[in-house]
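1. Model the structure of this input:
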Amino acid sequence: MKRKVVFFALVLMMVGAALFAQEAEAGTEAAKAAMPVWRYFAAALAVGVSCIAGGMAVGQIGAAAMGAMSENPELSGKALPYAGLAEGICLWGFLVALLILIL
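-> Presented below is the predicted three-dimensional model:
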């Protein structure tokens, strides 16, 4: 798992460097035409990574909640806020994507 996290962090750093690199001739029409493609790619990456991470978190929380509820049925409502917090990760990824596309 640690290798996957390091791999994705390295990929994000490489993509980030390419996204924010300035070209020598920023006033050309080719540079202006290429910009929206990177914006869409960055927005898709923000939503995709955040939703995958949120799904993994909800899966872990759901498994732990089911195990706890099998031993004590009174704990059924206590796991719901944690699942909501994990789903909030997806919402933040979506908001970041909107900001990338709007600005």
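
2. who touches the residue positioned nearest the centre of the chain in this structure?
-> Nearest to the mean C-alpha position of the chain, by Cα atoms, centre = their mean, lies residue 50 at 1.9 Å. Neighbouring residues of residue 50 by Cβ atoms under 8 Å, 6 or more residues apart in numbering: 89, 90, 92, 93, 94, 96. (Each C-beta comes from the backbone N, C-alpha and C, glycine too.)

3. With residue 64 instead?
-> Counting by Cβ under 8 Å, 6+ apart, residue 64 makes contact with residue 79.

4. Quickly find the element holding it.
-> Secondary-structure element containing residue 64, defined by DSSP states H and E: helix 29-71.

5. Could you point out the helix or strand that follows that helix?
-> Toward the C-terminus, helix 29-71 is succeeded by helix 80-102 as the next helix or strand (DSSP H and E).

6. in that next one, what counts as buried?
-> Along helix 80-102, the positions that meet the burial threshold by neighbour count (16 or more other Cβ atoms under 10 Å) are 82, 86, 89, 90, 93, 96, 97, 100.

7. now residue 6: how far from residue 59?
-> Distance, residue 6 to residue 59, by Cβ to Cβ, to the nearest Å: 21 Å.

8. From residue 91, how far off is residue 79?
-> Separation of residue 79 from residue 91 (Cβ to Cβ): 19 Å.

9. and if you look at residue 71?
-> In terms of Cβ to Cβ, residue 71 sits 31 Å off from residue 91.
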